[in-house]
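Undergrad: Provide a 3D model corresponding to the input given below.
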Amino acid sequence: MKTTRKSFNQFLICTCLLISLFLTACRTCQPFDSLQDVKARGVLLVGTTGDYQPMSFLNPETKTYEGFDTALTEDFAASLGVKIQYVPTSWPTLMQDTLARKFDFALCGITITDARKKQALMSDGYLVNGKTVLCRAEDAAKYTSLAAINRPEVRVMENPGGLNEKFARANLPNATLIIHPVNEEIPRLIAEGKADVMITEIMEAAFYCSRDARLAAPLLKTPFTRGQLGALFPPGNKALRDYFNQFLNQIRQSGRLDELIDVYMKGYK
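TA: You can find the predicted model right below:
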């Protein structure tokens, strides 16, 4: 009788364990809904470098983020009915942080590329961009081609880890490449003669030229490349990515996207 009761108790324990494992497995198999997760949390985690004007810039005086992508993020969060929590990242660690799911998505002037789409999810494009030249105004007639820049005496300054550095290394092997850690300082350093050229996106070049008469962007309308900016999402965040694409379509049709361009990127159109 004791043996039978002991066996029965062991049977009950094993059965409970199996049921528990089965329920856990069922929960694990359920698809992850990133959109509902954000709404339930009430907070949207947004990855940003904060060093890319006029897209996303952490103002050192106010300690707040500002720029086109910041305004876009605020509109997106409002459409979800949630608050925003910015998560600092950097260009060298952007993909690593995305895959580690440190944020729900990143929005800071990120170019849509096949390499990024192979590792993570990207939204539809919301702004046309392209690699162009930022230089001193007095040199505007000098640096109008890659051949003119690709010379040992030409100092090209870029921030580390982003597509600007990759473009410079791939297309300007003979130029003197200077890597500077703080992206937003580079235009001023060029104006002061610490470097000659920065390869950057057309919106960033237009922004700095509008604020510093010492700078010029001679190829603003004819950049070396053409692409689009998009939001970067961790794998599995398809529901949130799809909602973001719907949001982009709505603000494009309503004219809100053009309003943001007029506010943050005069001279871009």
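Undergrad: can you pull out the strands in the stretch 1-150 of the chain?
TA: 43-48, 51-52, 56-58, 65-66, 83-88, 105-111, 121-122, 127-129, 131-136 (DSSP state E, counting those that start in this stretch).
Undergrad: among those, which is nearest residue 183?
TA: strand 51-52 (4.2 Å; Cβ to Cβ). C-beta: built from backbone N, CA, C; applies to glycine.
Undergrad: the closest one: how far from the chain's middle?
TA: Mean-position distance between strand 51-52 and its chain equals 10 Å (Cα atoms, centre = their mean, to the nearest Å).
Undergrad: ditto for stretch 105-117
TA: For stretch 105-117, the distance to the chain centre is 5 Å (Cα atoms, centre = their mean).
Undergrad: may I have that stretch as PDB, with CA atoms only?
TA: Only the C-alpha atoms of stretch 105-117 are listed here, as PDB (Å, rounded to 0.1, in the frame of the first residue of the first chain):
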ATOM      1  CA  PHE A 105      13.300  50.800 -32.700                       C
ATOM      2  CA  ALA A 106      16.000  53.400 -33.600                       C
ATOM      3  CA  LEU A 107      15.400  56.700 -35.400                       C
ATOM      4  CA  CYS A 108      18.300  59.000 -36.000                       C
ATOM      5  CA  GLY A 109      19.000  59.500 -39.700                       C
ATOM      6  CA  ILE A 110      19.600  55.800 -40.500                       C
ATOM      7  CA  THR A 111      20.100  54.900 -44.100                       C
ATOM      8  CA  ILE A 112      18.200  51.900 -45.400                       C
ATOM      9  CA  THR A 113      20.800  49.400 -46.700                       C
ATOM     10  CA  ASP A 114      20.600  45.700 -47.700                       C
ATOM     11  CA  ALA A 115      23.200  44.900 -45.100                       C
ATOM     12  CA  ARG A 116      20.900  46.300 -42.300                       C
ATOM     13  CA  LYS A 117      17.800  44.600 -43.700                       C
END
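Undergrad: can you mark which positions in that stretch are buried?
TA: 105, 106, 107, 108, 109, 110, 111, 112, 116 (16 or more other Cβ atoms under 10 Å).
Undergrad: list the contacts of it.
TA: 46-50, 52, 55-56, 69, 72-73, 89, 94-95, 97-98, 122-123, 125, 129, 163, 201, 203-204, 227-234, 237, 240-241, 244 (Cβ atoms under 8 Å, 6 or more residues apart in numbering).
Undergrad: that stretch - what's its average pLDDT?
TA: The average pLDDT for stretch 105-117 rounds to 95.
Undergrad: tell me which residues of stretch 168-183 come out buried.
TA: 168, 171, 172, 175, 177, 178, 183.
Undergrad: gap between the two ends of stretch 178-186?
TA: 10 Å (Cα to Cα, to the nearest Å).
Undergrad: figure out which of the strands of the stretch 1-150 of the chain is closest to residue 34.
TA: strand 105-111 (8.7 Å).
Undergrad: give the pairing partners of the closest one; include direction for each.
TA: When sheet partners are counted by DSSP bridges, strand 105-111 sits next to strand 43-48 (parallel), strand 227-233 (antiparallel).
Undergrad: could you export those as CSV, including mean neighbour count?
TA: Below are the strands paired with strand 105-111 laid out as CSV (neighbours: other Cβ atoms under 10 Å):
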stretch, mean neighbour count
strand 43-48, 22
strand 227-233, 23
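Undergrad: and the ones you listed: which comes nearest residue 257?
TA: strand 227-233 (11.7 Å).
Undergrad: off-centre distance for the closest one?
TA: 7 Å.
Undergrad: got a list of contacts for it?
TA: Identification of contacts with strand 227-233 by Cβ under 8 Å, 6+ apart yields 34, 47, 55, 94-95, 98, 104-107, 109-113, 116, 120-130, 240-241, 244.
Undergrad: on that earlier part again, nearest to residue 144, of the strands paired with strand 105-111?
TA: Nearest to residue 144 among these is strand 227-233 (20.7 Å), distances taken as Cβ to Cβ.
Undergrad: may I have the phi/psi pair for the closest residue to residue 33 other than its chain neighbours?
TA: Excluding the flanking residues, the one nearest residue 33 by Cβ to Cβ, 6 or more residues apart in numbering is residue 239, at 5.1 Å. Dihedral pair for residue 239: phi -60, psi -40, per degrees, to the nearest 10.
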